[in-house]
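Asker: kindly generate the corresponding structure for this input.
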Amino acid sequence: GGTFSGAGNLSITGTFNWNSNAMAGTGLTTVAGTGTLKMITGGTKTLQRHLVNNGSVLWSSGQLSFSTAGVFDNNGTFTIDTAGGNLNAYGVASTPLLNNNVGGTIRKVSANAAVFNNNAVVLQVNNFGTERVEGGTLFLNCSTNVAGTGFLTAGAYRVATGTLLDFLTAIPTLGADIEIGGTGSVPDLATLATNRGRVGLTSGADLTLTPVGGTFVQEGIVDLSPDSVLTVTGSMRLDGTSQPVVRIEIASATSFGKLSVSGGIDLNSPLSTSRFDPDLVGGFDPALGARFDVIVAGTSVVNAFDSFQGGLTPSGRVLLATRPDAKTVAVEVGPGPLPPAPHVLTDVYEFETREAIVFTFDTNVSAFLSRKDFSIVNRDTNVAVSQSIGTISYNQASNQAVLLLTAALPNANYRMTIQSGDIANAAGVPASGTPITLDFFVLRGDVNRDKRVDFDDLLVIAQNYGATSGKTLSTGNVNYSADGAVGFDDLLLLAQNYQASLPALRTDSRTRAGRIADGVID
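Answerer: Take a look at the predicted model:
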């Protein structure tokens with residue numbers, strides 16, 4: 001209960017009881033791996049020196065204050081047992097620190113609350129290890145890893161059922177790993193808008209987000225155990241330069257994790273490489289044809305995951321990612337073994353009634369095909385075309401994908417490329433071989449598609465001028481009017497491009513069969 005001070009170091013290899021008063025001086029106190037520091041009586045303990053814990057620290061009674069030069073580096077286990085009543089830690093002088101370092105664990109146990117306060121000065125609690133709330137409430141009403149903008153930058157947090165973890169402020173951006181079990185609660189996550197870390201729900205925990213700005217941006221990991229539901233009130237987008245992951249566990253026909261979004265879900269952005277990872281747990285072996293609607297949107301699900309980690313069931317059946325309707329991503333069970341890699345049967349640039357790139361596949365690839373898989377480059381300038389030019393649709397009956405060019409491309413030669421690994425069947429098996437390419441050109445007013453706008457094109461329009469329906473590009477409908485009419489607008493478009501031409505580029509003139517044989521198309 002006295003004051004321990006001085007410039008010398010103190011090494012604790014057995015048990016050291018700190019009952020009250022100060023541990024001061026410029027020396028270092030180290031709790032060795034075999035040592036235990038106990039704060040189990042009611043007096044106030046004031047830390048005024050550097051304390052390093054490599055073993056065990058137990059705090060179960062009395063206040064803990066951090067004064068000048070008070071630094072606590074935890075590399076071992078720091079247990080906070082509030083069985084005797086609420087515990088309070090606070091700063092009473094400048095720059096006090098509690099660092100839970102990598103490998104360190106802070107455990108909050110028993111039913112009452114432990115509070116880390118700002119008090120008159122800022123107590124900084126930095127978590128780079130793990131904070132476990134195993135009982136009661138842990139209030140981090142102090143300066144923490146949360147940056148000024150509400151960005152929880154680091155650390156792992158485990159919140160058990162029936163407990164609560166509370167920070168000083170709302171957390172709109174997450175870079176840490178937070179796992180909530182059962183009825184556990186982290187109220188400051190309610191407005192989370194960007195996840196760059198991990199949000200895990202276990203033991204049937206539910207979490208509802210109403211993101212700041214209306215859109216939840218998923219750049220990290222969402223990990224949902226059976227009976228856990230992540231609900232987003234708003235829209236959701238998988239984004240970021242890393243790999244956003246949605247992992248969902250399935251334990252029975254009615255027990256599985258679920259992601260529910262009231263608005264729309266965009267499964268992919270041009271920057272991300274998103275992954276869908278459903279796992280069977282507890283020895284569950286679903287029947288052939290079983291379906292689990294694990295991702296559901298209120299309006300629509302657009303684009304697709306980049307990869308799928310489904311695999312086989314215990315009975316050797318195949319987990320498939322499917323899109324049963326425009327609002328749902330499901331996991332279905334198909335017959336084994338894994339199906340072969342998908343292939344392209346036909347590819348064509350359509351220009352008669354619309355500007356569209358059309359691919360026909362030998363199997364359903366809709367679950368993993370998105371706009372960003374189609375890259376288009378202007379071959380005359382070597383400049384990539386924006387991803388916003390064109391929308392994807394997919395006919396599951398014919399396995400035909402259509403990239404409709406909704407915005408007018410400038411007159412030029414183009415090459416469309418799909419990397420083979422960007423195409424996968426419902427089991428997640430990707431295509432192989434060299435990239436798939438398709439060359440095409442756009443030249444407004446070029447009715448006969450000879451790469452020149454001249455009198456021959458004008459003659460076609462003149463011959464069909466005044467027609468009110470049924471005409472296509474080759475019969476003068478240059479502006480692709482929906483009614484198929486040929487009139488002044490078509491003539492004007494030709495006049496604006498009259499005498500324009502495109503350079504002739506070397507193209508692959510072999511037949512499709514020949515290109516396949518040579519490995520150009522898998």
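Asker: show me what the strand or helix carrying Q463 is packed up against.
Answerer: In this structure, Q463 is located in helix 455-464 according to DSSP states H and E. On a contact count with 3 or more C-beta pairs under 8 Å, 6 or more residues apart in numbering; DSSP states H and E, helix 455-464 meets helix 488-496. For glycine as for every other residue, the C-beta is placed from the backbone atoms N, C-alpha and C.
Asker: quick one: the helix it packs on to chain centroid distance?
Answerer: 47 Å (C-alpha atoms, centre = their mean, to the nearest Å).
Asker: what's it in contact with?
Answerer: Applying C-beta atoms under 8 Å, 6 or more residues apart in numbering, the contact partners of helix 488-496 are 444-445, 447, 453, 457-458, 461, 465, 476-479, 481.
Asker: stretch 455-464 now?
Answerer: With C-beta under 8 Å, 6+ apart as the criterion, stretch 455-464 contacts 445-448, 450, 471, 474-476, 478, 486, 490-491, 494, 498.
Asker: quick check: mean pLDDT across it?
Answerer: Mean per-residue pLDDT for stretch 455-464: 95.
Asker: list the buried ones in it?
Answerer: The neighbour-count check on stretch 455-464 (16 or more other C-beta atoms under 10 Å) flags 457-458, 460-461, 464 as buried.
Asker: do the same with stretch 250-257
Answerer: Applying 16+ other C-beta under 10 Å to stretch 250-257 flags 250-251, 255-257 as buried.
Asker: please apply the same query to stretch 395-406.
Answerer: In stretch 395-406, counting by 16+ other C-beta under 10 Å, buried: 399, 401-403, 405.
Asker: for P335, give me its contacts.
Answerer: Contacts of P335 (C-beta under 8 Å, 6+ apart): 288, 317-318.
Asker: restricted to buried residues, select the residues you listed in PyMOL.
Answerer: To isolate the buried members of the contacts of P335 in PyMOL, using 16+ other C-beta under 10 Å:
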select buried, resi 317+318
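Asker: mind putting the contacts of P335 in a markdown table, distance to T391 and secondary structure included?
Answerer: Output for the contacts of P335, formatted as a markdown table (distance: C-beta to C-beta, whole Å; DSSP: H, G, I helix; E, B strand; the rest coil):
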| residue | distance to T391 | secondary structure |
| --- | --- | --- |
| L288 | 35 | coil |
| R317 | 34 | coil |
| V318 | 30 | strand |
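Asker: kindly indicate which of the contacts of P335 lies nearest G162.
Answerer: R317 (38.3 Å; C-beta to C-beta).
Asker: elements contacting the strand or helix carrying F139?
Answerer: Following DSSP H and E, one finds F139 within strand 137-141. Applying 3+ C-beta pairs under 8 Å, 6+ apart, one finds that strand 137-141 contacts strand 113-117, strand 164-167.
Asker: so for the helix or strand following the first one, what's the average pLDDT?
Answerer: From strand 113-117 onward toward the C-terminus, using DSSP H and E, the following helix or strand is strand 124-127. Throughout strand 124-127, pLDDT has a mean value of 90.
Asker: same question, stretch 315-327
Answerer: For stretch 315-327, the per-residue pLDDT averages 93.
Asker: again, but for stretch 231-247
Answerer: pLDDT averaged over stretch 231-247 gives 91.
Asker: again, but for stretch 400-409
Answerer: 86.
Asker: re the thing from before, only whichever of the contacts of stretch 455-464 are buried, select them in ChimeraX.
Answerer: Command for ChimeraX that selects the buried part of those, burial taken from 16+ other C-beta under 10 Å:
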select :445,446,447,471,475,476,478,486,490,491,494
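Asker: narrow the contacts of stretch 455-464 to those in helices?
Answerer: With DSSP state H as the criterion, helices contain 490-491, 494 from among the contacts of stretch 455-464.
Asker: reformat those residues as CSV; add distance to V146.
Answerer: Converted to CSV, the ones in helices among the contacts of stretch 455-464 look like this (distance: C-beta to C-beta, whole Å):
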residue, distance to V146
D490, 61
L491, 64
L494, 62
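Asker: make a markdown table out of these and add pLDDT and distance to I106.
Answerer: Converted to a markdown table, the ones in helices among the contacts of stretch 455-464 look like this (pLDDT from 0 to 100; distance: C-beta to C-beta, whole Å):
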| residue | pLDDT | distance to I106 |
| --- | --- | --- |
| D490 | 93 | 73 |
| L491 | 94 | 77 |
| L494 | 94 | 74 |
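Asker: tell me the contacts of A22?
Answerer: 3-5, 45-48, 67.
Asker: report the beta-bridge partner residues of it.
Answerer: T46 (DSSP bridges).
Asker: tell me the confidence at it?
Answerer: Reported pLDDT for A22: 94.
Asker: same question for A424.
Answerer: 88.
Asker: burial of it, as a residue count?
Answerer: 24 (other C-beta atoms under 10 Å).
Asker: got the contact list for it?
Answerer: A424 makes contact with 307-308, 342, 365, 367-368, 430-431, according to C-beta under 8 Å, 6+ apart.
Asker: switch to 7 Å and redo it
Answerer: If a contact means C-beta atoms under 7 Å, 6 or more residues apart in numbering, then A424 has 308, 342, 365, 368, 430 as its contacts.
Asker: the fourth one touches G310, doesn't it?
Answerer: What it means is F368. No. Assessed by C-beta atoms under 7 Å, F368 is found out of contact with G310, at 11.1 Å.
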